[in-house]
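>>> no sequence on this one, just coordinates:
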């Protein structure tokens, strides 16, 4: 009787309920750390934000109450990520153009695609070790050891796979009809790429690149023995060849200090770093969702 | 692409335009080969820098755990053990959590909006810099779990893994923070592979009267298994190389202990700790350790890619 109706007590229905609640618990556990972390950083770091934070040098660690600001680290992060972008974006976009537009799926391009994936999986600290061996310990850059330039190079190694991959995939999404049209009216290959395919893939490439930059800005491991750290203002171009502070390394160094004032500085730096990275991420997500709805080539 | 290029080749062009085209193509070619050059460069440089230490200690380096710059005795066993234990145990915890979350956000338990919000929350977690997670682990997580660790030691102290008095920074905390970092990777890759399972399979299972979870366990998960496996391997590679959060919370001690409640070491935390101020044969030994780490993560990564390639177009 009634055997086709939903029966609560059937073992399969009880099992289903059990596993459903299990997966709900999994999802809760997965979301909780982010919520805890972000609220904690917003409260703890946000309460440390003062105008002086952006203008002063950090004071050397000691048990004095005033820790100073993070100006050099802030500027340093901007400089080091800019250097990394200046190296990684042209190389990555150029490489991506080759893979998407010229290669015919032969052994070389397959090897490069494989290499991109492998390089993306190389631990970030290994990139630091590589630059240390190549540039820091050899003093190849005008006799300077640790430098902002070396730090930027280490980060560019980490950005490169992201940029190549997003360019390659962005270009592959461009419909072939656009290329045929351009070539058909007599344009050469490079004009087609520069004037037609790259612009129409621009938004997806830019999104990937910006996300890559945001990721690089938070990287610490490759910087702790390439750019090292500096307490002092960055005053001129020559400072590129000396130790340079960055937000990430400041957080690392000051988190391990036993002094409360330095710890607070680390929280404030985290606030700025996390807020900028998250807003870039959320912005690009909104942009992607928006373009998916409106743009159909 | 092929036909386009052949059509294009037969066209008559002015010399200068042709030359620019050739230059442009070759520049792109050179730029794309940079990836290979850098990859080979990393492998060669790290290998040659570690050569001095390699020829002196040989494979003994891998199984002894003395690390004494004064006596010039080096062995990385503690760090290698720490790397393997933290990455494997954290993965063991992450797999059910991540796959469970992925199932939750691919099935229709709750409205699509909620699922998408949860999905993007998990992915945003991946964007948090590792050093910030480390900071959080030191000041928030460690005090929070302190009592729990004491409890673990008091009741399960007879298991070697919990045999020591808990210290402020220890391997178990490193494992926990690694779980937080791996969760987004496993979840997003598992979600992608679950989404790729054709709807037909699910409908067929429902059609013969299978319940929802019977369908998930016997049809959908097996179909998505290869993708999930690849994601798990990628996460393993990430866990092995993860540096900052682990360095900040693991305690950085080279004294070997089976216990997870005592401070430990991983290869990457050793590098982060010592590279800046190392000199002499210590540098070479650190390069040796870096080489070991690189080989480990390369093997895992290449295996993951092989898996993806081999099983990706099954349906």
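That came in fine, so what should we check first? Fair warning: this is a prediction, and the values are worked out from it, not measured in the lab.

>>> Burial check on residue A:186, number of neighbours?
10 (other C-beta atoms under 10 Å in any protein chain shown). Quick note: C-beta positions are derived from backbone N, CA and C, even for glycine.

>>> er, residue A:30 I mean
Counted with other C-beta under 10 Å, residue A:30 comes out at 28.

>>> Repeat that for residue A:251.
28.

>>> Helix or strand for it, just tell me which one.
Per DSSP states H and E, residue A:251 falls inside helix A:247-255.

>>> One more: residue A:228?
Using DSSP H and E, no helix or strand contains residue A:228.

>>> Please look at it and residue B:276 and confirm they touch.
Yes - using C-beta atoms under 8 Å, residue A:228 is in contact with residue B:276, at 6.7 Å.

>>> Quick check on these two: which one has the bigger neighbour count.
Counted by other C-beta under 10 Å, residue A:228 and residue B:276 do not tie: residue A:228 has more neighbours, with 22 against 15.

>>> where does the more buried one fall, phi/psi-wise?
Residue A:228 adopts backbone torsions of phi 60, psi -130, taken as degrees, to the nearest 10.

>>> contacting residues for it?
A:146, A:243-244, A:249, B:276 (C-beta atoms under 8 Å, 6 or more residues apart in numbering or on different chains).

>>> again with residue A:246
Residue A:246 neighbours (C-beta under 8 Å, 6+ apart): A:73, A:76-77, A:80, A:151, A:220, A:223, A:227, A:229.

>>> got it, and residue A:58?
Residue A:58 touches A:67-70, A:72-73, A:231, A:245, A:250, A:254, A:262, A:265, counting by C-beta under 8 Å, 6+ apart.

>>> What residues are recorded as beta-bridge partners of it?
Legend: beta-bridge partners of residue A:58 under DSSP bridges are residue A:68.

>>> near chain B at all, the host helix or strand of residue A:204?
If you go by DSSP H and E, residue A:204 is part of helix A:198-218. Yes - Helix A:198-218 reaches chain B (C-beta under 8 Å from any C-beta of the partner chain) through A:214-215, A:217-218.

>>> Quick check: residue A:126 touching residue B:39?
No - between residue A:126 and residue B:39 no contact is recorded; they are 10.7 Å apart, counting by C-beta under 8 Å.

>>> Tell me which of those two has more neighbours.
More crowded of residue A:126 and residue B:39, by other C-beta under 10 Å: residue A:126, with 28 against 20.

>>> okay, now residue A:147: neighbour count?
Residue A:147 has 24 neighbours, counted by other C-beta under 10 Å.

>>> How about the contacts made by it?
A:135-136, A:141, A:226-227, A:240-244.

>>> now swap in residue B:268 and tell me
A:123, A:125, A:221, B:83, B:240-243, B:246-247, B:293.

>>> how about the nearest residue to it, chain neighbours excluded?
residue B:243 (4.1 Å; C-beta to C-beta, 6 or more residues apart in numbering or on different chains).

>>> Tell me how many other residues surround residue B:235.
So residue B:235, with other C-beta under 10 Å, has 27 neighbours.

>>> SS state for it?
Under DSSP: H, G, I helix; E, B strand; the rest coil, residue B:235 falls in the helix class.

>>> doesn't residue B:182 make contact with it?
Yes - using C-beta under 8 Å, residue B:235 is in contact with residue B:182, at 4.6 Å.

>>> Which neighbours do those two have in common?
In contact with both residue B:235 and residue B:182: B:91, B:94, B:98, using C-beta under 8 Å, 6+ apart.

>>> The second one belongs to a helix?
Yes - according to three-state DSSP, residue B:94 belongs to a helix.

>>> host element of the closest residue to it other than its chain neighbours?
Closest residue in space to residue B:94, ignoring its immediate chain neighbours: residue B:182 at 4.3 Å, by C-beta to C-beta, 6+ apart. Here residue B:182 sits within helix B:171-196, counting by DSSP H and E.

>>> what's the helix or strand following that helix packed up against?
Toward the C-terminus, helix B:171-196 is succeeded by helix B:199-207 as the next helix or strand (DSSP H and E). Applying 3 or more C-beta pairs under 8 Å, 6 or more residues apart in numbering or on different chains; DSSP states H and E, we find helix B:199-207 packed against helix B:212-215.

>>> Show me what the helix it packs on is packed up against.
Under the contact criterion of 3+ C-beta pairs under 8 Å, 6+ apart, helix B:212-215 touches helix A:11-46, helix B:199-207.

>>> What residues sit buried inside the last one?
Neighbour-count burial for helix B:199-207, counted by 16 or more other C-beta atoms under 10 Å in any protein chain shown, picks out B:202, B:205.
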